[in-house]
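A.B. asks: sequence plus the predicted model coming up.
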Number of protein chains: 2
Amino acid sequence: MQILDIHSHFFPKQWEDLQARFGGRDWPSLKHHGDGTAMVMKGQQKFRPIYDACWDPDVRLREMDQQGLCGQILSATPLLFGYERPVAQGEYIAKLFNDAAMAICQRGRGRLFAMAQVPLQDIDAACAEASRAKSIGHVGVQIGSHINGRGMDDAGVFTFLQHCADEDIPVFVHPWDMMGADRTGDYMMGWTVGMPAETQLSIVSLILSGAFDRLSRKLKIAFAHGGGSFIFLLGRLENAWHHRDIARGRSECPPSHYLDRFSLDSAVFDPGALRLLVDKMGDQRVMFGTDYPFPLGEQKMGGLIRETEGLSEQSRERLYAGNAKAFFGIE
Amino acid sequence: MQILDIHSHFFPKQWEDLQARFGGRDWPSLKHHGDGTAMVMKGQQKFRPIYDACWDPDVRLREMDQQGLCGQILSATPLLFGYERPVAQGEYIAKLFNDAAMAICQRGRGRLFAMAQVPLQDIDAACAEASRAKSIGHVGVQIGSHINGRGMDDAGVFTFLQHCADEDIPVFVHPWDMMGADRTGDYMMGWTVGMPAETQLSIVSLILSGAFDRLSRKLKIAFAHGGGSFIFLLGRLENAWHHRDIARGRSECPPSHYLDRFSLDSAVFDPGALRLLVDKMGDQRVMFGTDYPFPLGEQKMGGLIRETEGLSEQSRERLYAGNAKAFFGIE
């Protein structure tokens, strides 16, 4: 059975000193340890330990072979987004990292694909880079769950999504700069509490803004980490929509009406959770994703779908690769 | 089959003008419309429309009869907590509302019970009021999910919980003053996104603080709204715990180890979600709760457990009343 992972991350092995070029602070960089491991730095601050699978396609392909993956789609980690920078800087780093992603893919023997990042702080620039990225081979774009606090119900986001629909560019929404950060500083709760809430927030605000009532049905949009807590909390959202007018926003229909307008990845790390996801979304709206090669990713890649009971062979095929091939237009 | 609702709210029909007594602002009050409805006010601001089931035990009992409930446990809405006030004011309003709750229960023909609120901004005062409340008939205490930003991993909260364990006072944790409020201002997302994240945060921070490794096993503690998004995200939390040292906090064991140390109510508004809750927690750790009589509560009280497939008769009995009777010591 083919297994295609839509949610994996890369770092270029090296890139220019962005602080030297632009000034400012907190620019991302890599500190290599010389043994195949490195520390992602945010300015002078340690951000995350990584290893050479991030930048070396040979290592990545070897691990994919070991775990039975036929392909992987790479995307930037949100640390690289730079939405908070001036537009020209955002454009520059989007091109820098998007070109670097394609360079890795070109060494991927046809098994590596990439989603681009875009300078979402300027919608025109974001649309332009999304189109340029498509033209050089990217299979989609990844965007953060908000633009410096402006949510998925922002008019600019709407314009960007409509552009992607018109140009047949699939969109993947990844949480970043998580809500409630002042309360989740300990124990990585920004990742275990903030991230899934952030992703749920992005779906809920998109739905309740009425965006799906106005966006082209051609739009292909998916959300990371199984949509965060969205599916489990759909009942609560639905109940609120029906019984309190101010909970409806500008959506014409109850939230459950829009489940056929987006997809989710499978990175939920629990068979019961994945089963609920597939039960609610249908087996054509969930795509295998791992968050590889990060420590909080699915370590035994593909294991979760294998271990989840009650999925038919056809459902497994769809989750593992079929849905993603259709979504991203990969043969 | 007996049906006992552990999560319902009350307001006294009237109370003294707290602004006149204490000064300050944003005190809660009720503006009655004269037709059995009222607006909860926060200072001069409209907070929530309610109706006479909140304050009139006869109305409440009639609706309980209509929907087949044998009993209900009342608690304050978090607007009444007053944790942000000076201690003496917090003590005063805790007594005020706790005595008012008992006055409603005394007209409840043995079918209404109450949980007390406590001035958690002062742990000694909170312990004293919890004990006083128990002595006048309260069956437990309800606390907010944090104390003005200090989480459930706070040393004072630990002291309070140990006091409740020692005195056999059940504790119910309710979300309030939700994380990420700057991002959830529209469409009631504070309730549909913020609240369940807030409740998950309270459980995660309690677990990862190592509190359960040190707290008496006698402690009875339960969380509102099915624990928010906790159960669906347990796989993510567990995966992080195993693969990243800084995600472990001070807990000796992985998070799933502690599922037998707390309970959750059933207010999740979706049969699939409830089923996952019972699958993970076991049928002795989930208790029927509605959030009655608020618009975001379970409108057809008891319907969710009835409609959830795959629960045995014994499980239903436990969820509807058996677990709650044991937890709260109600005959």
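C.D. replies: That came through fine. Numbers count the residues shown, from 1 in each chain, chains lettered A, B, ... in the order given.
A.B. asks: residue A:47: which element?
C.D. replies: strand A:45-51 (DSSP states H and E).
A.B. asks: what mean pLDDT does stretch A:262-269 get?
C.D. replies: Stretch A:262-269 comes out with an average pLDDT of 98.
A.B. asks: how long is that stretch end to end?
C.D. replies: Using CA to CA, to the nearest Å, the end-to-end distance of stretch A:262-269 comes out at 21 Å.
A.B. asks: quickly check: that stretch near chain B or not.
C.D. replies: Yes - counting by CB under 8 Å from any CB of the partner chain, contacts between stretch A:262-269 and chain B involve A:268-269. Backbone N, C-alpha and C define where each C-beta goes, glycine included.
A.B. asks: chain center to that stretch: distance?
C.D. replies: The chain centre lies 10 Å from the centre of stretch A:262-269; the measure is CA atoms, centre = their mean, to the nearest Å.
A.B. asks: residues of the strand holding residue A:47 that come out buried?
C.D. replies: Neighbour-count burial for strand A:45-51 flags A:47-48, A:50-51 (criterion: 16 or more other CB atoms under 10 Å in any protein chain shown).
A.B. asks: give me the helices and strands touching the lengthiest helix in chain A, please.
C.D. replies: Longest helix in chain A by number of residues (criterion: DSSP state H): helix A:87-106. Packing partners of helix A:87-106 (3 or more CB pairs under 8 Å, 6 or more residues apart in numbering or on different chains; DSSP states H and E): strand A:4-10, helix A:18-22, strand A:71-76, strand A:112-116, helix A:123-135.
A.B. asks: hmm, back to that, from the buried residues of strand A:45-51, which is closest to chain B?
C.D. replies: Distances from chain B to the buried residues of strand A:45-51, taken as CB to the nearest CB, are shortest for residue A:48 (9.2 Å).
A.B. asks: show me what contacts the nearest residue to residue A:170 once chain neighbours are set aside?
C.D. replies: Closest residue in space to residue A:170, ignoring its immediate chain neighbours: residue A:140 at 3.6 Å, by CB to CB, 6 or more residues apart in numbering or on different chains. In this structure, residue A:140 makes contact with A:73, A:115-116, A:169-172, A:220, A:328, judged by CB atoms under 8 Å, 6 or more residues apart in numbering or on different chains.
A.B. asks: which among the residues you listed gets closest to residue A:94?
C.D. replies: residue A:116 (7.1 Å; CB to CB).
A.B. asks: who's in contact with the closest one?
C.D. replies: The contact partners of residue A:116, by CB under 8 Å, 6+ apart, come to A:94, A:98, A:101, A:129-130, A:133-134, A:138, A:140-142.
A.B. asks: pLDDT at residue A:197, what is it?
C.D. replies: 98.
A.B. asks: whoops, I mixed them up, residue A:130
C.D. replies: 98.
A.B. asks: so it sits against residue A:143, correct?
C.D. replies: No - assessed by CB atoms under 8 Å, residue A:130 is found out of contact with residue A:143, at 9.2 Å.
A.B. asks: overlap in contacts, those two.
C.D. replies: In contact with both residue A:130 and residue A:143: A:118, A:160, using CB under 8 Å, 6+ apart.
A.B. asks: one step back: report the two of the contacts of residue A:140 separated the most.
C.D. replies: A:116 and A:220 (14.5 Å).
A.B. asks: sorry, back to before: if the residue nearest to residue A:170 is in a bridge, with which residues?
C.D. replies: With DSSP bridges applied, residue A:140 shows beta-bridge pairing to residue A:115.
A.B. asks: and the residue lying farthest from the centre of chain A, its phi and psi?
C.D. replies: The outermost residue of chain A relative to its centre, with distances by CA atoms, centre = their mean, is residue A:243 at 32.7 Å. With angles defined as degrees, to the nearest 10, residue A:243 sits at phi -110, psi 0.
A.B. asks: ok, it - contacts?
C.D. replies: B:295-296, B:299.
A.B. asks: same deal with residue A:73?
C.D. replies: Taking CB under 8 Å, 6+ apart, one finds A:4-8, A:112-115, A:139-140, A:324, A:328 in contact with residue A:73.
A.B. asks: if I look at it, how far off is residue A:157?
C.D. replies: 22 Å (CB to CB, to the nearest Å).
A.B. asks: ditto for residue A:300
C.D. replies: Distance from residue A:300 to residue A:157, by CB to CB: 35 Å.
A.B. asks: so the two - more neighbours on which side?
C.D. replies: Ranked by neighbour count (other CB atoms under 10 Å in any protein chain shown), residue A:300 and residue A:157 place residue A:157 first, with 25 against 10.
A.B. asks: can you report phi and psi for the residue nearest to that one when sequence neighbours are not counted?
C.D. replies: Using CB to CB, 6+ apart and skipping residues adjacent in sequence, the residue nearest residue A:157 is residue A:147, 7.0 Å away. The phi/psi pair for residue A:147 (degrees, to the nearest 10) reads phi -110, psi 100.
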